[in-house]
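Trainee: following is a predicted model, sequence given first.
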Amino acid sequence: MSNRTLGEVSRRPRILCVDDEHNVLEGLVAFLRRRFRVLTASDGAAGLLLIAEKGPFEVVLSDMQMPDMDGATFLSEVRRSAPDTTRLLLTGHAAVPAAVKAVNEGGIFRFLTKPCPPSQLLEAVEEGCRQYQLRIAERQLLEQTLKGAVSVLSEVMALASPVAFGRANRIQRTVRWVVREMGLEHPWRYELAAMLSQIGLVGVEESVLVRAAQGLELDAEERRDIEEHPEIARRLLARIPRLESVSRMIANQTRDTSPVASQRALKRNDAEALGGHILRAALDLDQQLVAGEEPMIALRNLRRVRNVYNPAVLEAMQSVYRERSRPTEMVTIDELMSGMILLEPIRTIGGVVVVPQGYEISAPIKARLMRFAKGRGVKEPIHVQMPALGDGEELATAEQLVAMG
C-alpha cells in the first residue's frame with residue numbers, strides 16, 4: 001500500500017455500528033468501509049467499551065431494538081461519554097414513545113427506518129461526520145477565544161491592581177491543594193475561580209485595597225466597593241462562554257457558609273456553592289498569613305469563628321498545611337525563589353515600592369527585581385516567608401486551566 005493510500009486511510013472518519021444482528025453488521029461494514037473506518041459491536045455494553053478504549057468516533061449508528069440495552073438508552077450513554085459524537089438511530093419500529101425517548105435521552109441527530117436505502121444511509125453518515133467536524137471546530141475556536149479572554153483579564157488585573165493580583169495569585173495555590181485534598185471533580189474550575197476571584201476590585205484604588213488588607217478602617221463608600229466586588233466579577237465573567245460556573249463560584253465567596261449551607265453543598269455536590277466556600281476560607285486564611293501568622297494558628301483562628309466557614313474545607317486546609325511549614329527568612333535579591341511570600345514591600349534605594357507586601361515571588365517578578373537591583377538599586381535584605389513543601393510546583397496559567405476543561 002502506498003504512503004498516499006495509508007494517509008487517506010488514517011484520515012477516513014471513524015464510525016461505530018451497534019446491532020445485535022450479525023448479518024446487519026456485516027452489511028453495514030461492506031457498504032461503509034470504502035469511505036469510513038468501521039468498527040462494530042453486538043450490544044450496547046460492548047459499544048460503550050469500544051468508545052472508552054478506541055474513541056472518539058465521528059458517528060455512532062445504533063439499532064433501536066436490542067436486548068439488555070435498547071438503542072435510545074445506549075445513545076443516551078454515548079451522549080454523556082462522547083458528547084461530540086453524532087448519534088444515528090436505525091429502527092424498524094417507528095413507535096412514537098420510542099422516538100420521543102431517543103430524542104430526549106439520546107439527543108440523536110437522525111432516525112433511519114429499516115430497510116434503509118443505501119443512498120439515504122450514506123447521506124446520513126456523511127452529514128453526521130460533517131456535524132462532528134463542525135462541533136470540534138466550534139469547540140476549538142471557543143477554547144482559543146476563552147484562553148485569550150482569561151489571559152487578558154489576568155493581565156489587566158496585574159497591571160491595574162497589583163495588590164488584587166498578588167492576592168489572587170497566592171490563594172490559587174491554596175485552592176489547588178484543598179481541591180485535591182477533597183477529591184473534587186473539575187479542579188480547573190476552582191483554580192480558575194481563584195485566579196479571577198479579585199477581578200472585581202480592578203476599579204478600586206490601590207490605597208483602599210492596602211488599607212483593607214491591613215484591617216484599617218474604611219469609609220462607607222470604600223466598604224461598599226470592597227463588598228460588591230464578587231458580584232461585579234460575576235456579571236463580568238458570566239458573559240464569557242464556559243465561565244458561567246466559575247463566575248458563580250466567585251459570587252458565592254461572600255455568601256452563606258453556615259453549617260446547614262455547607263452540608264447542603266456537600267450533599268448535593270454543589271460545585272458553585274462549594275467553590276465559594278473554598279474561596280472565602282482561602283482568602284481569609286491568606287490575610288492572616290500575609291500578616292505573618294503561622295498557618296496552623298491562622299486555621300485555629302478561623303475555626304473559632306462560628307457559622308462562617310465550611311468545616312469540610314477547613315479540615316482539608318488543615319490536612320494540607322499540617323505538612324507544609326513556612327519559616328521566615330531575611331534574603332537578598334539573588335536568593336529570592338519562586339513561592340516565597342513578601343512580608344514587607346520591596347523598595348528601591350530611593351524608597352519607591354517596586355513590589356508590594358504579600359506578593360508571591362515568581363520567575364517574572366524576580367527578573368524584574370534583578371533589573372531594578374542593577375539599575376536603581378534595591379534595599380536588602382528582604383523579609384520573606386519561605387516556600388512550603390510542595391510550593392515548587394508552578395501555578396497553572398490561564399491558558400493551561402482553560403485547556404483542562
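Mentor: That came through fine.
Trainee: which parts of stretch 247-257 are buried?
Mentor: Residues 247-254, 257 are the ones in stretch 247-257 that count as buried (16 or more other CB atoms under 10 Å). Yep, even glycine has a C-beta here, placed from its N, CA and C like the rest.
Trainee: mind checking the pLDDT average for that stretch?
Mentor: Taken as a whole, stretch 247-257 has an average pLDDT of 87.
Trainee: contacts for that stretch?
Mentor: 189-190, 193, 196-197, 199-200, 227, 230-231, 233-238, 240, 271-273, 275-277, 279-280, 283, 307-310 (CB atoms under 8 Å, 6 or more residues apart in numbering).
Trainee: tell me the secondary structure of G275, please.
Mentor: When classified by DSSP: H, G, I helix; E, B strand; the rest coil, G275 comes out as helix.
Trainee: please read the previous query as pertaining to P67.
Mentor: Relying on three-state DSSP, one would call P67 coil.
Trainee: need the nearest residue in space to it, chain neighbours excluded.
Mentor: Leaving aside its sequence neighbours, P67 sits nearest to D20 (CB to CB, 6 or more residues apart in numbering; 6.2 Å).
Trainee: residues in contact with that neighbour?
Mentor: Going by CB under 8 Å, 6+ apart, D20 touches 42-43, 63, 66-67.
Trainee: mind telling me what element V246 is part of?
Mentor: Assessed by DSSP states H and E, V246 sits inside helix 244-251.
Trainee: distance between that helix and the chain's centre?
Mentor: 11 Å (CA atoms, centre = their mean, to the nearest Å).
Trainee: related to what we said a few turns ago, most neighbours of all the contacts of D20, which one?
Mentor: Of the contacts of D20, D63 is surrounded by the most neighbours, 24 neighbours in total, counting by other CB atoms under 10 Å.
Trainee: chain neighbours aside, what residue packs nearest to that residue?
Mentor: Closest to D63 by CB to CB, 6+ apart is D19, at 4.1 Å.
Trainee: my guess is the one you found contacts G27, does it?
Mentor: No - using CB atoms under 8 Å, D19 is not in contact with G27; the gap is 9.5 Å.
Trainee: mark which of the contacts of stretch 247-257 are buried, thanks.
Mentor: 189-190, 193, 196-197, 199-200, 230, 233-234, 236-238, 240, 271-273, 275-277, 279-280, 283, 308-310.
Trainee: the host helix or strand of A149 packs against which elements?
Mentor: According to DSSP H and E, A149 maps onto helix 118-160. Here helix 118-160 touches helix 22-32, strand 59-63, strand 86-91, strand 110-113, helix 162-182, helix 187-195, helix 398-404, going by 3 or more CB pairs under 8 Å, 6 or more residues apart in numbering; DSSP states H and E.
Trainee: sweet, I'm off.
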